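Chemist: what would the 3D arrangement of this be:
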Amino acid sequence: MSDKLTDTSSEAQRRAEKIKAIRRSIHSEAEVAPTTYDNKTTDSERSETIADRIRKAKEKKNSTAEDILVELDQAIAFEKAEAARLAAEKAAADAKETANAVPDISDIINEIEARAQDELSEIADEITEDFSEVSGNPEGEILDLTETSEEQTGEEFPEVAEIETVIPDKQIYEAPQTEELSAEKAEDTVVFTPVKHIPENRTPLSVRTEENSTVRDALEAERAELPLNNTEAEVQGDTVKPHKKKKKKKKSLKERFLGLFPQKGDSMGECIRKVVFLCSIIAIVVCSYLVGSYYYDRWASKRKTEEIIGIYEIYDNTPPHVEEVKDEGDKRKKYSGMLDGARKLYDLNHDIVGVITIPDTPINNPVLQAEDNVKYLNKKYDLTDNIAGEIFLDYRNHFDEVGEDGYLKVPNSDNLVIYGHNMLDEQMFGSLKYYAWRENYYGEHPIIYLNSNYERYTYKIFAFFILDAEDETDTKFDCWNTLDFANEKEFYDYVNEAKRRSIRLNNVDVKYGDPLITLFTCNTSLPDDERGRLIIMARQLREGEDLLAGTQDSVANTNIKWPTIYYEEHPNEMYDPNQEFTPYG
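Modeler: Numbers count the residues shown, from 1 in each chain. Okay, here's the model as predicted:
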């Protein structure tokens, strides 16, 4: 019995001495032969799990305490590195999935640390069982390796406490890299840090968690200030809600139309803007109507003129129905009927008294005569309104007015005055202006044909000039009011006054008794556009006379008698009454 006790005590004593030797060896190895975990472990060892390490620990019951402590140190360091690597990988994955969210890793770290603490506790229990036979409570000493406070660690392991290295929470475990350490020994030292030990230069986990929460709150506040999807945001409490734009209600056509007019509640500027806009619209509409109406009237006038002249020309080849009858020694003409073409026109409108034509010009129109000189200023032969009007004979003239007996009711007027508008498109008398502008126009168009409803007449142009319709000075010449001549002197005074004013002079002679026609239209050559009038005078072709005799050698008149208004515009010009002049008669 005593031998057994002796053996037991001796065995316990040997184990105690072993533990002391282990502690001495740890201190001496730390000073003499430092090495790092990375240099000592291989890839195969890193890939080993905790279970494998526990299994190996159980198999090595006969291992020395020094090897056990080294294994324990490596296991703790590896588990911390694995925990940090897993935490970093999960944080990176969460950051990719939610780029705008700040990851909360405090819970992850707490969970990993709790799991690592449980596993380390199991390892400690396994080692304790291996040392259960050792006296002096070795279990408590081993547990001190993981639960020792900062003060105890400093007392029992002073060298280890001085060389503490902290493994970052969010980084994979790697060997520390320092460039400025002077001692190689410090670079390769293996540092063992207990689980609950907190270095002086490391912030406690609770403090780091509070800092992460503060950073997360700041990021969330900054993100909340930004507009969501480019829309306005309304902050209500802690919730950021996007502001939805209200859809505008579509206005009906009636509401849009009424909105063009000033409304109650509109500002003064808005009312003025609407009034100006409406006035502009009205002006545009009115101008568009006037311009459109003008061009439409021109088109309609030309079409109607062509239609009626087309009817006339179909029957124009028939000879006049006239015969000369002697009555008390005088020869008188007796008409048995109208010209066939004239009858067709007369049936359309009884005011049609003939047709006027100037060859090779646009002038080829019916001539009408009413009870005044206003009716056909702006009306067509069918009595429709039109700005072109018609060519009409002065209502005071007599032109082949035949009674029921076939004889003329009254002799024809000595001077037939015919009116027509000066149209820009050369309708009516619009082409007469070329007599005043072009030198050769008279020589190319010196003849006028004027047919009544009963007979055909031909006239030679002998003068064309410009008058002032409102002239009351000594240059006044209201030739349109002279329809008949009381005597020869009056006749020659009249035709010679026309010759003095003529723009070009010719060799056509005019004799007393020659029937005259006067074409009358507007002209804009004078300073006042509204007062100018262009006059074309012609005398009837005599029987057996050459058609063009005296018309082909016209020359410019160097001493034109202009109206007074012209000389006011041209003060350097003046009519010379003493200059040589060859009168008619």
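Chemist: wait, A370 touches Y376, no?
Modeler: Yes - the pair A370 and Y376 qualifies as a contact (C-beta atoms under 8 Å) at a distance of 6.1 Å. Every C-beta, even on glycine, is put in place using the N, C-alpha and C of the backbone.
Chemist: these two: who's more crowded?
Modeler: Neighbours around A370 and Y376, counted as other C-beta atoms under 10 Å, are more numerous at Y376. The numbers are 24 against 15.
Chemist: pLDDT wise, what is the more buried one at?
Modeler: pLDDT recorded at Y376 is 96.
Chemist: could you do G513 as well?
Modeler: Note for G513: predicted pLDDT of 94.
Chemist: give me the element it is part of.
Modeler: Assigned by DSSP states H and E, G513 falls within no helix or strand.
Chemist: quick one: residues contacting it.
Modeler: Contact partners of G513, counting by C-beta atoms under 8 Å, 6 or more residues apart in numbering, are F491.
Chemist: rewinding a little: who touches both of A370 and Y376?
Modeler: Taking C-beta under 8 Å, 6+ apart as the contact rule, A370 and Y376 both touch D351, F392.
Chemist: quick check: H398 is in a helix.
Modeler: No - counting by DSSP: H, G, I helix; E, B strand; the rest coil, H398 falls outside a helix, being coil.
Chemist: distance of it relative to I363?
Modeler: Relative to I363, H398 is positioned 23 Å away (C-beta to C-beta, to the nearest Å).
Chemist: nearest residue to Y459 in space, please, no chain neighbours.
Modeler: Once flanking residues are discounted, Y459 sits nearest to A538: 3.7 Å by C-beta to C-beta, 6 or more residues apart in numbering.
Chemist: does the one you found have beta-bridge partners, and which?
Modeler: Counting by DSSP bridges, A538 is bridged to I461, I517.
Chemist: and it, how far from E122?
Modeler: A538 is 140 Å from E122, by C-beta to C-beta.
Chemist: okay, the two: which has more neighbours?
Modeler: Shown here are A538 and E122; by other C-beta under 10 Å, A538 has more neighbours (26 against 12).
Chemist: and that one, what does it touch?
Modeler: A538 sits in contact with I448, Y459, K460, I461, F462, L516, I517, L519, where contact means C-beta under 8 Å, 6+ apart.
Chemist: sec struct for the first one, please.
Modeler: Yep, that's I448 we're talking about. Secondary structure for I448, judged by three-state DSSP, is strand.
Chemist: what's the burial count for the closest residue to it other than its chain neighbours?
Modeler: Nearest-residue entry for I448: Y459, 4.4 Å, with adjacent residues in sequence omitted and distances by C-beta to C-beta, 6+ apart. Neighbour count for Y459, taken as other C-beta under 10 Å: 24.
Chemist: now N110
Modeler: Neighbours of N110 under the rule other C-beta under 10 Å: 13.
Chemist: cool, the one 4 residues further on as well?
Modeler: A114 has 10 neighbouring residues, counting by other C-beta under 10 Å.
Chemist: helices and strands around the helix or strand hosting it, which ones?
Modeler: Using DSSP H and E, A114 sits in helix 106-130. Under the contact criterion of 3 or more C-beta pairs under 8 Å, 6 or more residues apart in numbering; DSSP states H and E, helix 106-130 touches helix 50-59, helix 65-97, helix 138-147, helix 205-225.
Chemist: quick one on the thing from earlier: I'd say the residue nearest to I448 and R542 touch.
Modeler: No - contact between Y459 and R542 fails when scored by C-beta under 8 Å: they sit 10.9 Å apart.
Chemist: need the helix or strand of this protein with the lowest average pLDDT.
Modeler: When the helices and strands of the chain are scored by mean pLDDT, DSSP states H and E, helix 158-162 comes last with a mean of 40.
Chemist: neighbours around R504, how many?
Modeler: 19.
Chemist: repeat that for D94.
Modeler: Neighbour count of D94, defined by other C-beta under 10 Å: 15.
Chemist: any idea which helix or strand carries K264?
Modeler: When elements are assigned from DSSP H and E, K264 belongs to no helix and no strand.
Chemist: now stretch 306-315: buried residues?
Modeler: Neighbour counts over stretch 306-315 (16 or more other C-beta atoms under 10 Å) mark I308, I309, Y312 as buried.
Chemist: so which of these belong to helices?
Modeler: Using DSSP state H, the subset of the buried residues of stretch 306-315 located in helices is I308, I309, Y312.
Chemist: now for the last one: which residues touch it?
Modeler: Going back to what we said before, that points to Y312. Applying C-beta under 8 Å, 6+ apart to Y312 gives the contacts G341, A342, K344, L345, V355, P366.
Chemist: chain neighbours aside, what residue packs nearest to it?
Modeler: Y312 sits nearest to G341 (C-beta to C-beta, 6+ apart), 4.0 Å away.
Chemist: from R501, how far off is the one you found?
Modeler: Counting by C-beta to C-beta, the gap from G341 to R501 is 36 Å.
Chemist: okay, those two: which has more neighbours?
Modeler: R501 (23 against 20).
Chemist: now that one: phi and psi?
Modeler: phi -90, psi -10 (degrees, to the nearest 10).
Chemist: use 54 as the first number from now on
Modeler: All set: I'll call the first residue 54, so the last point we hit is now R554.
Chemist: show me the contacts for it.
Modeler: R554 touches A516, F518, I519, L520, F530, I613, K614, W615, counting by C-beta under 8 Å, 6+ apart.
Chemist: what do you get if the cut-off is 7 Å, keeping everything else the same?
Modeler: F518, F530, I613, K614 (C-beta atoms under 7 Å, 6 or more residues apart in numbering).
Chemist: I362 now?
Modeler: If you count contacts by C-beta under 7 Å, 6+ apart, I362 has them with N417.
Chemist: re the thing from before, out of the contacts of R554, who has the most neighbours?
Modeler: F518 (26 neighbours).
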